[in-house]
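Participant: Mind looking at a prediction? Sequence and model below.
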Amino acid sequence: MQSPLQHLLTEISGRVDPSECTTIATAAAEAARHCLEIPSFADVAAVLLATNVQGCAADEDHVLSCKQRGTAAFGRAQYKQAAQLFSEATRYCDELSSTEHGAVLAARLYCNRALCLTKMQPPRLQEAMQDSSAAIACDPTFPKAWYRRACAARVLGTVAGPVVVQDARRALQLLQQAAQDTSAAAALVAELEAEQEASEGASTAGGTGSGTSNRHSAAAPAAAALAATAAGSACANGRAAMGDLAEGALVPAGADSAAELGVLLLAAGQQLAVAESAEAGRCLVAAGSLAAGQDVAQDQPFAHALTKEGRRQVCATCMARLADVAAPFYCRHCPMPSYCSAACRAADPYHQPGGAECGRPWAALLPAEALAALRLARRTAALGQRHPAARQVAALGTHFQELDPSDAAQLAALAAVTHATWRRAVLESAAGRAAAGQLPGGAAAHGGSAAREEAGEEAEEALLSCVTVEAVLSALCRFQINGLAVVPSERRGTEDRLALALYPVASLMNHSCLPNVAVRFEGSKLIVRTVEAVPAGQPLLHCYGPQAGEMTTPQRQRLLRGQYHFTCRCRACSPAPGQLEPAAAGLKCPACGGSGGSAGRCAGAVQPPCSVAAGVLHRYQLPAGTGACTACGARLVMDHWQEQQLPELQAAAEAQAAAVAALAQQDRQQQQAGPGAGAAVQQAIRTLRQCLRQRQQHLHPHNLLLGSTHDALAHAWHLAGNHEAAAQHLRHSLAVLAHSYPPASTAVAFQQRQLAETLRRAAAAASVATAAAAEAFLCEARQADEAAEAVLQLHFGPEARDR
Ligand SMILES: C[S@@+](CC[C@H](N)C(=O)[O-])C[C@H]1O[C@@H](n2cnc3c(N)ncnc32)[C@H](O)[C@@H]1O
């Protein structure tokens with residue numbers, strides 16, 4: 001059933017006259033008119049902009065309960081749990097009081113969390129320092145915050161002495177003013193002063209042998225970093241805040257576009273240039289010859305939006321994994337974004353306290369591509385034409401005219417609803433602040449820099465006049481063509497997308513189904529790595545969608561034409577005559593009567609002369625084939641196909657899907673209850689064997705679906721504890737993959753790794769027949785591992801081992 005938002009979008013796009021979809025301007029104007037006329041827009045907007053939805057509204061009981069439980073967990077020495085509870089409690093604490101009281105409470109919570117972090121094993125002192133800095137930013141009169149920062153910095157031993165001593169002195173001074181116990185702070189000041197004196201004495205004497213003197217001299221740059229962190233201006237993970245270029249990167253408007261690109265390229269890598277061709281437009285090329293296995297470019301997003309999955313897993317600003325963060329930071333007004341540090345929270349230009357995205361669900365309820373496009377349009381307008389990255393992303397193609405009119409109408413409807421929602425959110429937030437008698441930018445005690453907030457929000461209201469529906473529609477189209485899905489590098493399914501992002505330099509890379517570079521993400525940073533040598537002047541090509549091997553050539557070409565509007569003529573799309581690519585998605589030759597060539601007749605493959613649903617001959621839906629064998633030309637017998645082969649292959653696909661689902665459930669159960677072959681696993685094995693027989697009877701031996709059935713059987717035997725049988729199926733699956741995928745493909749390498757792991761288990765199993773058999777398994781495992789590592793190192797560099 002359609003949601004009210006989807007229903008509204010369908011209604012608007014249905015009303016848009018297709019003849020008005022010839023330009024972005026006319027389509028946007030048409031959709032905007034219908035959006036505001038349709039009564040259901042008001043209902044949808046009320047839901048998108050509600051301020052009292054669960055999760056958006058402040059919840060005082062929750063805050064207090066978290067604080068209490070955090071204190072109790074600390075008392076039980078459960079420091080990680082306590083830190084997480086204090087994190088949770090920092091949500092909304094400003095919002096609840098909207099006065100100084102909220103900031104004072106937040107300072108206590110951060111300080112408590114800092115203490116938890118110092119108690120963890122191993123202590124997380126860097127994060128404790130950040131928390132102390134966050135506490136100081138909330139309440140500079142809180143002595144414990146200064147004291148904790150001094151203690152953490154001292155133990156860390158990487159911070160310049162004077163900064164630490166100043167923190168300790170400040171703590172002492174505040175305690176004296178409040179007439180509180182000063183003994184610990186006084187002792188710390190005395191110790192630090194003595195250490196500092198000793199260090200100064202040593203350096204005056206020219207000594208370099210003392211540990212103290214070494215420590216302090218190496219620490220000077222770190223002190224500056226600490227000061228920056230305290231001011232909330234640097235990302236805790238060392239990653240630059242989103243795509244910001246240094247002031248020096250600005251070039252005058254109207255400057256030669258090559259010079260602008262030069263500025264961007266230089267920031268991304270030393271060996272990059274841009275070339276242009278009539279057929280494929282601009283393209284990133286190698287400025288000099290590049291060896292295989294080199295990181296050659298890095299880029300930060302110009303605009304991005306997290307997906308639902310991403311909001312759970314990564315920092316909203318730098319996309320660092322929150323699972324690696326001991327103490328995540330939240331907006332203190334609403335739980336929508338999570339951050340890895342106070343600095344990232346302060347640096348999020350979109351979500352500022354009292355701003356349009358804060359405390360309302362619209363930014364999470366609209367599709368991620370709509371929010372990403374709106375942010376792209378806002379940032380392009382805010383930076384204006386003097387910024388090279390803004391000019392570069394504005395110059396990217398939209399291919400709007402090549403869109404099917406109904407697709408164009410749907411995009412226009414999405415742009416209109418997104419724009420109208422954002423506009424209302426900005427106006428309502430401004431009205432709310434005015435009613436509360438606040439300056440633009442909200443209260444000063446929000447943890448980020450008040451000046452920055454003010455600038456950000458003033459800019460947001462000012463942007464209302466220049467970010468039009470047309471600009472949002474244009475940005476949506478540019479995102480579709482040039483945007484990238486940020487994914488964890490170990491997996492690549494659409495369900496794993498953490499964010500959608502537009503990278504100014506990487507968007508200049510053209511496509512190949514057999515790419516010469518691989519792209520990976522470290523947080524929000526995109527890294528381009530050569531996977532083969534690239535001679536000077538040759539393009540750096542990455543793959544926009546499934547690579548050669550994952551889909552047949554006609555499937556890939558159809559996908560690329562539909563989504564990116566070009567006909568791919570890469571080296572994988574023009575294979576030499578005689579290559580048997582259709583085998584990966586084909587039936588056996590009808591002439592060999594099921595012998596698959598073993599009877600010495602024919603090893604060709606055939607694809608039916610009609611479209612075939614996903615799961616029958618391939619994972620994806622297949623376009624019509626020729627109906628003739630690729631080797632001998634024998635034609636498929638259509639009655640046999642329709643009455644016998646098709647129904648049996650459909651049944652096999654359904655049976656395999658059910659067995660795979662049952663195995664996934666067993667897997668979850670075994671993870672909780674330990675190994676053991678339940679009846680469900682035995683049943684799945686019987687089903688999958690039957691499925692394998694049916695597929696083997698009809699499909700070409702290199703058809704990838706046979707590989708998937710072997711994979712499923714390997715999983716089933718693994719759950720049943722029979723690793724020898726699992727390894728045997730993985731060998732078969734690997735053989736199928738090796739026929740379809742190019743050499744040095746990661747798909748084959750990951751499969752080799754899995755085989756190696758299974759062989760090691762088989763060698764260790766009690767059921768292994770002899771020591772010699774175990775050694776043979778181990779030897780095969782070593783070979784598989786070596787082959788896999790060589791490929792994965794090439795693609796991922798030294799981090800290949802973690803994948
Ligand atoms: C991400 S952009 C790449 C940069 C683009 N060439 C430019 O000039 O801005 C994607 C677009 O580039 C073009 N393109 C990319 N790879 C291509 C290829 N292999 N052949 C033809 N056109 C290609 C298509 O127009 C595609 O929609």
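Facilitator: Arrived safely, thanks for sending. Since we're looking at a predicted model, the values are computed, not measured.

Participant: Run through the strands of the stretch 351-500 of the chain in chain order.
Facilitator: Assigned by DSSP state E, counting those that start in this stretch, the strands in the stretch 351-500 of the chain fall at 484-486, 499-502.

Participant: and the last one, what does it pack onto?
Facilitator: I take that to be strand 499-502. Here strand 499-502 touches strand 303-306, helix 368-383, helix 469-482, strand 484-486, going by 3 or more C-beta pairs under 8 Å, 6 or more residues apart in numbering; DSSP states H and E. (C-beta placed from N, C-alpha, C; glycine too.)

Participant: neighbours of V487, just the number please.
Facilitator: 20 (other C-beta atoms under 10 Å).

Participant: which ones are touching it?
Facilitator: Applying C-beta atoms under 8 Å, 6 or more residues apart in numbering, we find V487 in contact with 496-498, 521.

Participant: and if you look at G678?
Facilitator: Contacts of G678 by C-beta under 8 Å, 6+ apart are 666, 669.

Participant: how near is it to A735?
Facilitator: Going from G678 to A735 by C-beta to C-beta, to the nearest Å gives 30 Å.

Participant: Stretch 463-475 spans what distance, first to last residue?
Facilitator: 15 Å (C-alpha to C-alpha, to the nearest Å).

Participant: Identify each buried residue in it, please.
Facilitator: Neighbour counts using 16 or more other C-beta atoms under 10 Å place 463, 467-475 of stretch 463-475 among the buried residues.

Participant: Are any of the contacts of V487 buried, and if so which?
Facilitator: 496-498, 521.

Participant: G281: which of those is nearest?
Facilitator: F521 (24.8 Å; C-beta to C-beta).

Participant: For that closest one, name its beta-bridge partners.
Facilitator: For F521, the beta-bridge partners under DSSP bridges are L526.

Participant: which residues does it contact?
Facilitator: By C-beta under 8 Å, 6+ apart, the contact list for F521 reads 319, 486-489, 527.

Participant: List just the one of the helices and strands packed on strand 499-502 that sits closest to the ligand.
Facilitator: Closest approach to the ligand among these (C-beta to the nearest ligand atom): helix 469-482, 4.2 Å.

Participant: Pull the residues that contact the closest one.
Facilitator: Outside helix 469-482, the residues that reach it (C-beta under 8 Å, 6+ apart) are 24-25, 27-29, 31-32, 369-370, 372-374, 376-377, 380-381, 393, 396-400, 403, 411-412, 414-416, 418-420, 500, 502, 507, 563-565.

Participant: Of the helices and strands packed on strand 499-502, flag the one that's most buried.
Facilitator: strand 303-306 (a mean of 28; mean count of other C-beta atoms under 10 Å).

Participant: What pairs with that strand, parallel or antiparallel?
Facilitator: strand 499-502 (antiparallel).

Participant: any idea how far the ligand is from F142?
Facilitator: Distance of F142 to the ligand, computed by C-beta to the nearest ligand atom, to the nearest Å: 50 Å.

Participant: What backbone torsions are found at that residue?
Facilitator: Phi and psi for F142, reported as degrees, to the nearest 10, are phi -90, psi 110.

Participant: Check A662 too.
Facilitator: Per degrees, to the nearest 10, the backbone of A662 is at phi -60, psi -40.

Participant: ditto for the one 3 residues further on
Facilitator: Phi and psi for Q665, reported as degrees, to the nearest 10, are phi -70, psi -40.

Participant: Pull out the buried positions in stretch 37-53.
Facilitator: Within stretch 37-53, the residues scored as buried using 16+ other C-beta under 10 Å are 38, 41, 44-45, 48-49.

Participant: Please disregard the earlier target; I meant stretch 402-422.
Facilitator: 403, 408-422.

Participant: Same check on stretch 743-752?
Facilitator: Those would be 744-752, for stretch 743-752 by 16+ other C-beta under 10 Å.

Participant: Spit out the contact partners of the residue of the stretch 151-300 of the chain found nearest the ligand.
Facilitator: Per C-beta to the nearest ligand atom, G281 is where the stretch 151-300 of the chain lies closest to the ligand, at 2.9 Å. Residues in contact with G281 (C-beta under 8 Å, 6+ apart) are 397, 510.

Participant: Can you name the residues bridging to it?
Facilitator: Going by DSSP bridges, G281 is paired in beta bridges with S277.

Participant: do you know how far it is from A394?
Facilitator: Taking C-beta to C-beta, one finds G281 at 15 Å from A394.

Participant: surely C318 meets A343?
Facilitator: No - contact criterion C-beta atoms under 8 Å: C318 and A343 do not qualify, at 9.1 Å.

Participant: Would you mind naming what in this structure lies close to the ligand?
Facilitator: For the chain, the residues in contact with the ligand (C-beta under 6 Å from any ligand atom) are 279-283, 396-397, 399, 481-482, 507-508, 510-511, 564-566, 568, 570.

Participant: Which of those residues fall within helices?
Facilitator: Mapping the residues of the chain next to the ligand onto helices (DSSP state H) picks out 481-482, 564.

Participant: And those, which is closest to S338?
Facilitator: S338 lies nearest to N482 out of those, by C-beta to C-beta, at 27.5 Å.

Participant: For the closest one, give me the pLDDT.
Facilitator: With respect to pLDDT, N482 scores 98.

Participant: so how far is stretch 395-405 off the chain centroid?
Facilitator: Chain-centre distance of stretch 395-405: 26 Å, with C-alpha atoms, centre = their mean, to the nearest Å.

Participant: In the stretch 401-550 of the chain, mark out all the helices, start to finish.
Facilitator: Using DSSP state H, counting those that start in this stretch, the helices found in the stretch 401-550 of the chain span residues 405-435, 450-463, 469-482.
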